[in-house]
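>>> Sequence first, then the predicted structure, then my questions.
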2 protein chains.
Amino acid sequence: MKYVFAFLLSGFVMGLFAQDEDAFFIKSIYDQALEEQFGYQWLGTMTSEVGHRFSGSSNADSAVFFVAKHCRAEGFDSVWTQEVEVPRWIRGEKETVRIEGSNAMDLSAASLGNSIGTPEGGIRARVVEVKRLEEVDSLGRSGVEGKIIFYNRPFDNKQLRTFNAYGGAVDQRVYGPEKAAEYGALAAVVRSMTGRLDDHPHTGVTRYRNDAKAPGIAISTLDAELLSNQLKENPELELFIEMDCRNEDPVISHNVIADWHGSDPNAPIILLGAHLDSWDMGTGAHDDGAGCAHIMDALHILRSLGYQPKHHLRLVFFMNEENGLKGGLAYAEYAEKYAVDHLAAIESDAGGFVPRGFSCDGDETILTKGYKQLNAWADLMSPYGIQFSYGGSGADISPLKPQGPFLIGLRPDSQRYFDYHHTDQDVFEAVHPRELQLGSAAMAALTYLLDQYGIADE
Amino acid sequence: MKYVFAFLLSGFVMGLFAQDEDAFFIKSIYDQALEEQFGYQWLGTMTSEVGHRFSGSSNADSAVFFVAKHCRAEGFDSVWTQEVEVPRWIRGEKETVRIEGSNAMDLSAASLGNSIGTPEGGIRARVVEVKRLEEVDSLGRSGVEGKIIFYNRPFDNKQLRTFNAYGGAVDQRVYGPEKAAEYGALAAVVRSMTGRLDDHPHTGVTRYRNDAKAPGIAISTLDAELLSNQLKENPELELFIEMDCRNEDPVISHNVIADWHGSDPNAPIILLGAHLDSWDMGTGAHDDGAGCAHIMDALHILRSLGYQPKHHLRLVFFMNEENGLKGGLAYAEYAEKYAVDHLAAIESDAGGFVPRGFSCDGDETILTKGYKQLNAWADLMSPYGIQFSYGGSGADISPLKPQGPFLIGLRPDSQRYFDYHHTDQDVFEAVHPRELQLGSAAMAALTYLLDQYGIADE
C-alpha cells in the first residue's frame, strides 16, 4: 500500500512538475510577446509596404511576395505557395448615393463586393425602406419594381458579442440586393454593418444566386438614419445612385504556406491560419492583418525561445477569404487529395484585440475529445484571461472539418471590431500593440500545449 | 424522509427560481446599458461642458454644480455637497525642457503636480541619468549637486496588468524630485509613466516630505529615449528647464453626494464612488470621468428599470483624488464622526474599458465573508466576463476600511489605460461607448446583488 501511495504520489508530483514547467514556458512566451512586439512591428511593415490586399489586385500579389519573403527570412524549413483562382472584382471610381432635390446631398457610400454597377449615367428612383428581407416579399413586384430598396435594420446592440449583432443583420447585405432584384428593384442601399453611429461606410460581399441582379451599395449608419428621417418627411424622395464596379475574369493568386518540421516525422500537422487578403478599403489591419501577425509571431516566439516542436507546425496565409473563400477551399482540396494529416488547425480572424479565449469546432468525435483537452489546460491559460468554449473556428479552416482535425478559433474581445470592419478605418493605427501581442502569445501558448500533449483519446 | 426530501427539493427549486430571476434582471440591466448608452452620453456632456476638473480650479467648481444638477434631475431623494479643503496647484505657462547646444531641441514636457517651479529665468545644468532612486543615494552629493537628475526606468511591459507596471515605475515620479533635492540637484526630469513610446508627457503628483525640494517635470517616453541616446553620445550635454508652476493657498471644494433611500430604513448604505476631479490636461475622460459616468449610470439604469432598493444607495463623487485625496479622507472622517453604516463601497477608477471583474478589500472579517459572497454570484456574472478577485478597491473609498465596510473596485481591461492616463490624450474620443456601458452594467448588477442579498454571515 505504501508503495502504491508513493508511486501515485510520484506520478502526482511529476504531473505537478510538468504543469509547473508548462506554466513557466507559457510565462516566457507572454514575456517575449509583450517585450519584443514582433507581430506588431511586422504588421506595421506589411500594412505600410503592401497596404490593402484585395483578392486579384496587384497589392495581393505584393502581399504574397512579402509574406513568403518574411517567412523565408524567419528560417522556416520550407516556404511555398499554392495556386488559387480568385474572383476579380473592381470597385471602380463611382460609388455615389445622392439624395436628390433642392437640398441634394451625397451620402457616405461604398459599393458592395461582387456587386454589378448601375447602367452608365446612374439611376434615379424612389425609395422603399424596409427592415427585413421578408418585407420585400410582402411588398411584391407592385411595391418594388422600378424602386430602390433601402435595408435599414440596425445592429442589435444588446448583443454582448458584436459578432452576434453582425450575424443578425448581415443578411441585408449578403442577400438584400438579389432579393430586391427578384421583384424588379433598380438597386439596393444597405445600412452599414456596425452598431456605431458614424460616417464610415462598410463594404463586404453581396451574393447573386440566380440571374436577378441589382447593384448593392452600403451607406454609413449616420446617413442611414438621415435618409430614414428624410423619407419620413418626404416619402416621394428620390435617390440617385451611380456605381461603375464590375466583375472581371478570375485571376490566379496564392496561399502562402510555411513549414517547420517537428522532431517526430510521423506526427500530424498543427496548422495556424489567417487570411492574407483584405477588402480594398483601409489596409485590413484588423481584418485580417492582425491574424497574419498573430500566426507569424506565434511561431517566431517559439523559435526565439529555442523551442523544438514534435509535430509539424504549419502556417497558412489564406487568400480570398473575403469574397470567395477560394484559398480555404483550395487548401482543403489539396489536403484531402494528398491525405494530409492535421491534428488541429487554429485560425485568428476576429481582430487584434485582447484575447478572451478560444472556441472550437470539428466533427463530433474530435470535438468532444478536443474540448475536454482544452479544458485540461484551463488552469494554465486562465491567468492570461483565456477561456475555452464551443462555437466555431474560422472561415478558412472550416472546409477541413470533414477531414477530422480539431478546429479552433481565437476569440478576442469583440467590442471595437465593427468600428473598423471593412472600412477605411481598418488601419494600423487602430491596432494596439499590447492587445495584438497578447493574441500572438495566446496562439503560441496553445500551439505549444497541442504540440506537447496532442489531444488525449479520452 | 420523503417530506424532508420534498422540503429540500422545494428549497432547491426556489433557489433556482431566484437565480433565474436574478439572471433575468441582470440581463435587463445589460440590455438597458447597451441600448440607452446613458453614461456615455452623460460623459460626453460633462467633458464638453465642464472640461477638465482639476482640484481648486474654477472647472472643478463647475463640475460640482454640473454633477449636483444632473443628480437632482435624475430625481434622487437628496443631493448634497460636502465641503473639502483642497490644495491649489497651478501649472503656469512655462514647462520647458530643452536640450541645449548647437542642435537645441524642446522636449515634450509636463510639470509634475505639486512641483515647485524653477527660479525665474530657468536653470541650465548637466544631466545624470539614473534608473532607480537608490542610484541617487549611491552617487551622493558629489555626483548630484548642481545637476539635473533624469529618471529613466521604463515600464516593465511584461506585466500583464499595466497597473503593475505603473506601480513598479511610479516611485520615480512621486519621490524622484525630493530624492534629487536631498543631494542638491537643481531639478528632476522623469520619464513619463506609460509603456508606450509616444510624444505625450504624463503629469501626476510628486511629493515633498521634507524641506528639500527640486522642481520635477515629466518628458514623453520618446523624448526620454532621445535624451538617453544623446547623453550616451555627449555626457556633457546640458538641459535648460523652466517652470513657473506653484502652490497657492488651499481652497474650499466639495464632494457631491446623491442619496436614494431604500425600503428598509435600518439597512446600511451601499456606496458607489468615483472621483470627480481630474488632472488639468485633457478632460479626464477615463480618469475618472468614466468612473463618474459608471456610478451615475448604474443607478440611472436601476431607476429606469423601476427597481426599488432595500438598502440606502449612495453616490459619492469624490473631489481631489489626484493630488491629495482630500475628498476621500473628508468623507471617511464624516462617516466615522456620525457612525454612518456602510455595508459596502464600490469604486470605479480604472478607466472606461471592458470590465474584467471586481477586486475587493476590507478588514479581515468582512473580506473573507465578502469574497465568499461575491463568488456565490460567479455564475450570474461570468456570462458577462466578470470575475472576482482579492486585490484592492479604490483610493477614495479606502479610508473607510477601518470602519469595516466591504470595499470593491471595478477592474476594467488595463491594456490601453496608460496610453491616456494624465495626458492631453485623455479625452472623450478615447472612450468607447460599448466598453464604457459594460462597466455601468457591471456596477449596476453588483449593486443589485448586494442590495438583494447583502453579505451573508458565513
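Looks like it came in fine. Numbering: from 1, shown residues only, chains lettered A, B, ... in the order given.
>>> A:Gln153: how many residues sit nearby?
One correction, residue A:153 is Arg, not Gln. Using other CB atoms under 10 Å in any protein chain shown, A:Arg153 is surrounded by 18 other residues. Quick note: C-beta positions are derived from backbone N, CA and C, even for glycine.
>>> Can you tell me the SS state at it?
Using DSSP: H, G, I helix; E, B strand; the rest coil, the structure places A:Arg153 in coil.
>>> go on, the one 5 residues further on?
Judged by three-state DSSP, the three-state class of A:Lys158 is coil.
>>> longest strand of chain A?
When chain A is scanned for its longest strand (criterion: DSSP state E), the result is strand A:246-260.
>>> just how off-centre is that strand within its chain?
Distance, stretch centre to chain centre, for strand A:246-260: 16 Å (CA atoms, centre = their mean, to the nearest Å).
>>> Please work out the average pLDDT along that strand.
If you average the pLDDT over strand A:246-260, you get 98.
>>> got the residues of the stretch 151-300 of chain A near chain B?
Within the stretch 151-300 of chain A, the positions adjacent to chain B are A:Asn157, A:Lys158, A:Gln159, A:Leu160, A:Thr162, A:Gly195, A:Arg196 by CB under 8 Å from any CB of the partner chain.
>>> Tally up the residues packed near the closest residue to chain B within the stretch 201-350 of chain A, please.
Nearest residue of the stretch 201-350 of chain A to chain B (CB to the nearest CB) works out as A:Thr221 at 12.7 Å. By other CB under 10 Å, 24 other residues sit near A:Thr221.
>>> Could you measure from it over to A:Gly385?
31 Å (CB to CB, to the nearest Å).
>>> ok, back up a step: residues contacting the residue of the stretch 201-350 of chain A closest to chain B?
Residues in contact with A:Thr221 (CB atoms under 8 Å, 6 or more residues apart in numbering or on different chains) are A:Pro154, A:Arg191, A:Ser192, A:Thr194, A:Arg196, A:Leu197, A:Asp198.
>>> got it, and A:Glu238?
Contacts of A:Glu238 (CB under 8 Å, 6+ apart): A:Ile99, A:Glu100, A:Gly101, A:Arg124, A:Ala125, A:Arg126, A:Val127.
>>> Between the residues you listed, which has the least confident prediction?
Scoring those by pLDDT puts A:Gly101 last, at 91.
>>> And the residue nearest the centre of chain A?
A:Asp349 (3.7 Å; CA atoms, centre = their mean).
>>> what sits against the closest residue to A:Gly75 other than its chain neighbours?
Spatial nearest neighbour of A:Gly75, chain neighbours left out: A:Arg303 (7.2 Å); criterion: CB to CB, 6 or more residues apart in numbering or on different chains. A:Arg303 makes contacts with A:Glu74, A:Gly75, A:Trp260, as judged by CB under 8 Å, 6+ apart.
>>> all strands for the stretch 351-458 of chain A, in order.
A:355-361, A:387-390, A:406-412 (DSSP state E, counting those that start in this stretch).
>>> any weak-confidence spans in the stretch 151-300 of chain A?
Judged by pLDDT under 70, the stretch 151-300 of chain A has no weakly predicted residues.
>>> Correct me if wrong: A:Phe318 contacts A:Gly327.
Yes. In this structure, A:Phe318 is within contact of A:Gly327 by CB atoms under 8 Å, at 3.7 Å.
>>> Between those two, which contacts overlap?
A:Asn255, A:His275, A:Leu276, A:Asp277, A:Asp396.
>>> so who does the second one touch?
A:His275 makes contact with A:288, A:291-292, A:317-322, A:327-328, A:349, A:395-396, according to CB under 8 Å, 6+ apart.
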